[in-house]
Every structure is written in structure tokens, then in C-alpha cells.
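[1] I would like the atomic coordinates for the input below:
(one chain, ligands or ions: 1)
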Amino acid sequence: MRVKICGITKPDQGKAITELGATTLGFICVPSSPRFITPQDIQAVIQVLPKTVERIGVFANASLDEIRQTLSEAKLTGIQLHGNESLEFCDRLRQFFPDLEIIKAIRVKTPEALDLAETYIHHVDTLLLDAYHPQQLGGTGHTLDWHSLQQFRPACAWLLAGGLTPENVLEALTLLKPDGIDLSSGVECSPGDKDLTKVAQLFQVLSPSV
Ligand SMILES: O=C(O)c1ccccc1N[C@@H]1O[C@H](COP(=O)(O)O)[C@@H](O)[C@H]1O
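    Model (predicted):
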């Protein structure tokens, strides 16, 4: 299973998290986030990672030019759109970056959000479901109502995010069968500073399933 650890800001932590078993690292390119990292600092992390690790830049309502600028400085393998990006925006992004994975995050406030998610399936590679919070775009530590997602089976890969921790991840995976999981605040000491003990604990509890 794909395991994405998001909000990496330090090269040594990125390397250690990869060695513990993460397939994918996420870098927050949203300036208002306490986990924001500059393109130059992303590149410093990437330099110490094995080439096989997927490297996702997380954006929210950024312009095409802003995304292009970041990608010119940091060698990312994918783009996560965590704002209100339209289908047309996803298509334009695909034209500019045909080789990069496009992940569309949907923040689930009501059941209709799942219908909205389905509309993106031919416009992106992967969907991501995260919790809705009125003030924060992501990294909220809030879980989704997993029971309400049991019928969610999009015709493309999807990742479960939102408040996952080493303590609750198995319960989520018992109820749902996402293609991967995405954790940030649940494996942190403070925003952007990952807790390697918690990350190790995560891979220990996941070890029968990954
Ligand atoms: O983490 C952030 O600060 C952030 C800011 C803006 C958009 C997305 C952000 N993070 C995303 O939030 C989820 C995980 O959150 P958590 O596990 O509940 O803390 C993940 O998809 C991150 O990419």
C-alpha cells in the first residue's frame, strides 16, 4: 500500500522516514501553512532521498505560474491540489506537466463532496479525501466519518487522509480499502517537525498490510 507522509521540512527527517518505509513524501507549498517549505529547501530534502521515492508538492488555489515556478526549482514527481481547483484547471495542469501525477484533494464537508470527487476521475490520476475545517485547508488532525465513506469506490486510485495516527489507522483500514494513506499531524512533534518514533510506530502497525 502507498504510504504518504506529508509536511516534510527537514532533509534528515525525509531520509529517515523513507528508510522506515514511506513510499511518498509531501511538501507543503502553501505559504499560509506552518509546514510551508520553499522550493530550494524541498530540493535540499530531495537530494538526500532515493530516486524511487515519490515527491509531491501540495498546493492550494495556486496559479499555474506559481506551480510552474516551484517545479522549475524542485524536482517533484507529482502535484496535490488541496484548494478549490476546477476540472479545467486540472486539465491545463495536465497539458503543462503530462508526466507528473496529479492528485486532487477533496475536503469532505457533506456527503455531496463524494459526488464532487467522482467528477474529477478523468481529469486527475488520484483522488484524496481529507477532513473539512472552516479555517484550515489541511493538516487539521481531524478525521473523516469513515463509515460514511464505505460506498466510495472511484474508478481511479484514492488516498485517505485526515487525522490518521498510528493508533487509529488500522481501524480506518478495516472499514475502508483506499489505495494509500496520507498522514501529517498524526506523526508530528509540532507542525513540520516529524516525530520519528511515531513514524516507526506507524510502520510497525502497518507491517502485516504493506
Ligand atoms: O499540512 C498542511 O499544513 C496543509 C496545508 C494546506 C493544504 C494541505 C495541507 N496538508 C494536507 O493535510 C492532509 C493531512 O492532514 P492531517 O493528517 O489531518 O494532519 C494531507 O493531505 C496533507 O497533504
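
[2] pLDDT averaged over stretch 107-121 - what is it?
    Per-residue pLDDT over stretch 107-121 has a mean of 96.

[3] gap between the two ends of it?
    End-to-end distance for stretch 107-121, by C-alpha to C-alpha, to the nearest Å: 16 Å.

[4] which residues in the protein form helices?
    In the chain, helices defined by DSSP state H lie at 11-20, 39-46, 64-73, 87-96, 112-119, 169-175, 196-206, listed in chain order.

[5] ok, Met1 - how many residues close by?
    Neighbour count for Met1, taken as other C-beta atoms under 10 Å: 13. For the C-beta atoms, the positions are set from N, CA and C on the backbone; glycine is no exception.

[6] I'd like the distance between it and Val199.
    15 Å (C-beta to C-beta, to the nearest Å).

[7] Near the residue nearest to Leu64 when sequence neighbours are not counted, how many other residues are there?
    In this structure, Leu64 finds its nearest non-sequential neighbour in Arg92, 6.2 Å apart by C-beta to C-beta, 6 or more residues apart in numbering. Using other C-beta under 10 Å, Arg92 is surrounded by 13 other residues.

[8] which ones are touching the residue nearest to Val45 when sequence neighbours are not counted?
    Excluding the flanking residues, the one nearest Val45 by C-beta to C-beta, 6+ apart is Gly14, at 4.3 Å. Neighbouring residues of Gly14 by C-beta atoms under 8 Å, 6 or more residues apart in numbering: 8, 25, 45-46, 48-49.

[9] mind running it again at 6 Å?
    8, 25, 45, 49 (C-beta atoms under 6 Å, 6 or more residues apart in numbering).

[10] Would you mind checking which of those residues is nearest to Phe203?
    Closest approach to Phe203 among the contacts of Gly14 (C-beta to C-beta): Leu25, at 14.1 Å.

[11] Quick check: residues of this structure near the ligand?
    6-7, 26, 28, 30, 33, 35, 58, 60, 80, 82, 105, 128, 130, 137-141, 161-164, 182-186 (C-beta under 6 Å from any ligand atom).

[12] What mean pLDDT does stretch 193-203 get?
    98.

[13] ok, residues contacting it?
    Under C-beta under 6 Å, 6+ apart, the answer for stretch 193-203 is 13, 16-17, 20-21, 166, 187-189.
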